[in-house]
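Visitor: Give me the fold of what follows.
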Amino acid sequence: MAMQHPPQLSAEQTPFYQQPNQDDEIDLRELFGVIWAYKWVIVAICTVAFAGSVFYVLNTQEWWQAKGKVIQPQLNDIAALYAQSKKVMTILNSSASFSGTSGTSGTSGTSGTSGTSGTSDTSDTSDTSDESEIIFKSDILFQYFIDEFNTSSNKKLFLAKHPEFLNYLKINAIVIPEHVLSDENRLVNSVYRNELTGWMDNISAIRDAKTSGAVVLTFQSSTRQGSAGMLVEYINYITKVVKRSQYEKLRILLNSSEKELIVFIRLAKQKAEEDLAVMIKKAEYSYQIAEAANKRSYSASVHQETELFSISFGAEALKEKVKVLKGLKDLSIIDPKIAEQQMQLTELNNIVFESDDYFTPYRYLETVEEPLSRAKPKRAMIVILATLLAGMISVCIALLHHFLTKKEDE
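Guide: Alright, predicted model coming up:
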């Protein structure tokens, strides 16, 4: 028995869902044919884009970025500041040690009053000593350097007077505004401030994610040599700012310590004068009592220390004691702390701050060098992207024009 084949359907009898939809098909030969037909249009558009991008990158402002990497300074980088701070610390610490022992020193009869005044300035001098120590700590100095590097006011002051920036303004016909309120001057001021802000934004100090504790310093300028030179100059400028600030802090601490000592000495002298007056009065009363008791010479007394007016020395000795006390000029005999504080004040007055040109609140991990390539513009990338974009747009235009023309013909 022969096999029966199913009846073949003609093209007209083929169901609708089985018929190929020719409108949705992409004919690559037709696509390439269209591109070939419009090749001169595509080439012309790409050529114009290429020429325009080349003209742009050759005439646009170039920007070069110089970099340097720094870390915390070592002791020899801040040796001068360290030595000056140590001098202040040593003197202030000696005051604290004097104050701790002076309470037990003094003459009899005044230990109950002058002894307590010896510790009044201990906490003040120790606090000042701690502040002096903080000034030269490397981590604090380094962080202060970074903060000053990123401060807008320092950037503005540096750029406003730098020849490189002023020459850039001159080349681009940007006028430095005057302090006159007018519509024209406001416009000039706006242009100048925008340009200045742009330069300021290109100066930065950022923590390096790859190296622990390191900071990358960057400076962007309009020339290769200028970027490296301006970065070095700006680093030196900030170094001077930090140095001046830290020495000023030392001077403030020194002046405040001197003023405190002057006050302490004055108060100590007043207290010693009061104690001396009490001692003279007690000696006079003791002399009067000894005269009344007709006691002329020394005699031992069991209650000598507890008696208010002791006459054990005798009238002659008490008379001489009154004479000596009234002629006493050196109050440090009453309160030894006065001499110690005067000596400390003299030492503080004799401190001379020495300038050190080698003071650096940082240490180079990578020195500043001229950049090898431009930061902006990326010429090759701009030309390639512009040409590719022009090619894509021209192909789209060619296809759109072809299909619109084809629809009209149909």
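Visitor: Give me the phi and psi for Ser221.
Guide: phi -140, psi 170 (degrees, to the nearest 10).
Visitor: I figured it hits Pro163, correct?
Guide: No. Shown here, Ser221 and Pro163 do not form a contact pair, counting by Cβ atoms under 8 Å, at 11.7 Å. (Each C-beta comes from the backbone N, C-alpha and C, glycine too.)
Visitor: Of those two, give the one with the bigger neighbour count.
Guide: Ser221 (26 against 9; other Cβ atoms under 10 Å).
Visitor: Mind pulling the model confidence for Asp409?
Guide: With respect to pLDDT, Asp409 scores 60.
Visitor: Strands of the chain, start to end?
Guide: 64-71, 203-207, 215-221, 363-366 (DSSP state E).
Visitor: which of these sits most buried?
Guide: Comparing these by mean neighbour count (mean count of other Cβ atoms under 10 Å), strand 215-221 comes out on top with a mean of 22.
Visitor: hang on, the earlier thing: for Glu274, which of the strands of the chain is the nearest?
Guide: Closest of these to Glu274 is strand 363-366, at 56.6 Å (criterion: Cβ to Cβ).
Visitor: rewinding a little: could the strands of the chain go into a markdown table alongside distance to Glu284?
Guide: Below are the strands of the chain laid out as a markdown table (distance: least, Cβ to Cβ, whole Å):
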| stretch | distance to Glu284 |
| --- | --- |
| strand 64-71 | 72 |
| strand 203-207 | 74 |
| strand 215-221 | 74 |
| strand 363-366 | 70 |
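Visitor: can you tell which of those is closest to Ala380?
Guide: That would be strand 64-71 among these, by Cβ to Cβ, at 16.4 Å.
Visitor: residues making contact with that closest one?
Guide: 142, 202, 208, 211, 213-224, 226-228, 230-231, 235, 362-371, 374-375 (Cβ atoms under 8 Å, 6 or more residues apart in numbering).
Visitor: Please repeat the previous calculation with a cut-off of 6 Å.
Guide: When contacts are defined by Cβ atoms under 6 Å, 6 or more residues apart in numbering, strand 64-71 is touched by residues 213-221, 224, 227-228, 231, 362-366, 368, 371, 374-375.
Visitor: measure Leu365 to Val383 for me?
Guide: From Leu365 over to Val383 the distance is 36 Å, taken as Cβ to Cβ, to the nearest Å.
Visitor: no, scratch that, I was asking about Asn236
Guide: From Asn236 to Val383 the distance is 39 Å (Cβ to Cβ).
Visitor: more neighbours, the two?
Guide: Using other Cβ under 10 Å, the more surrounded residue of Asn236 and Val383 is Val383, with 19 against 11.
Visitor: got the angle for the lengthiest helix in the chain vs strand 203-207?
Guide: Using DSSP state H, we find that the single longest helix of the chain is helix 224-292. For helix 224-292 against strand 203-207, the angle by axes from the mean of the first three to the mean of the last three Cα atoms, to 10 degrees is 70 degrees.
Visitor: Domains in this structure, by residue range?
Guide: The chain breaks down by automatic domain parsing into domains covering 27-60+378-409, 64-262+338-366.
Visitor: May I have the phi/psi pair for Asn172?
Guide: Here is the backbone geometry of Asn172 (degrees, to the nearest 10): phi -90, psi 10.
Visitor: Check Asp330 too.
Guide: phi -90, psi 100.
Visitor: and it, how many neighbours?
Guide: 9.
Visitor: what's the answer for Trp36, then?
Guide: Count around Trp36 with other Cβ under 10 Å applied: 10.
Visitor: Next, find the distance separating it from Glu30.
Guide: Taken as Cβ to Cβ, the span from Trp36 to Glu30 is 11 Å.
Visitor: and if you look at Phe313?
Guide: Distance from Phe313 to Glu30, by Cβ to Cβ: 134 Å.
Visitor: Same check on Leu187?
Guide: From Leu187 to Glu30 the distance is 57 Å (Cβ to Cβ).
Visitor: now do Ala214
Guide: 61 Å.
Visitor: Backbone torsions only: list them for Gln72.
Guide: phi -60, psi 150.
Visitor: Helices of the stretch 101-250 of the chain, residue ranges please.
Guide: For the stretch 101-250 of the chain, applying DSSP state H, counting those that start in this stretch gives helices covering 111-114, 122-135, 138-149, 152-160, 163-171, 183-201, 224-292.
Visitor: quick check: angle from the longest helix of the chain to strand 64-71?
Guide: Using the same axes, to 10 degrees: helix 224-292 against strand 64-71 is 30 degrees.
Visitor: quick one, which of the helices of the stretch 101-250 of the chain is nearest to Glu320?
Guide: It is, among those and with distance given as Cβ to Cβ, helix 224-292, at 9.5 Å.
Visitor: Quick one: list the elements packing against that closest one.
Guide: Packing contacts for helix 224-292, counted by 3 or more Cβ pairs under 6 Å, 6 or more residues apart in numbering; DSSP states H and E, involve strand 64-71, helix 111-114, helix 122-135, helix 138-149, strand 215-221, helix 315-326, helix 337-349.
Visitor: For Ile265, which non-adjacent residue is closest in space?
Guide: Nearest residue to Ile265, sequence neighbours excluded (Cβ to Cβ, 6 or more residues apart in numbering): Gln341, at 5.0 Å.
Visitor: What separation do you get for the residue nearest to Ala214 when sequence neighbours are not counted and Ile71?
Guide: Among residues not flanking Ala214 along the chain, Asp208 sits closest, at 4.2 Å (Cβ to Cβ, 6+ apart). Separation of Asp208 from Ile71 (Cβ to Cβ) stands at 9 Å.
Visitor: Count the neighbours of Leu196 for me.
Guide: With other Cβ under 10 Å as criterion, Leu196 counts 18.
Visitor: which regions of the chain lie under the pLDDT threshold?
Guide: Scanning the chain for pLDDT under 70 picks out 1-27, 57-62, 94-134, 178-184, 298-308, 311-312, 354-357, 372-379, 406-410.
Visitor: Pretty sure Ser138 sits against Leu75.
Guide: No. Ser138 is beyond contact range of Leu75, at 7.5 Å (criterion: Cβ atoms under 6 Å).
Visitor: what are the phi and psi angles of the residue nearest to Glu316 when sequence neighbours are not counted?
Guide: Spatially, and ignoring its direct neighbours in sequence, Glu316 is nearest to Arg296 (5.7 Å; Cβ to Cβ, 6+ apart). Main-chain torsions, Arg296, degrees, to the nearest 10: phi -100, psi -30.
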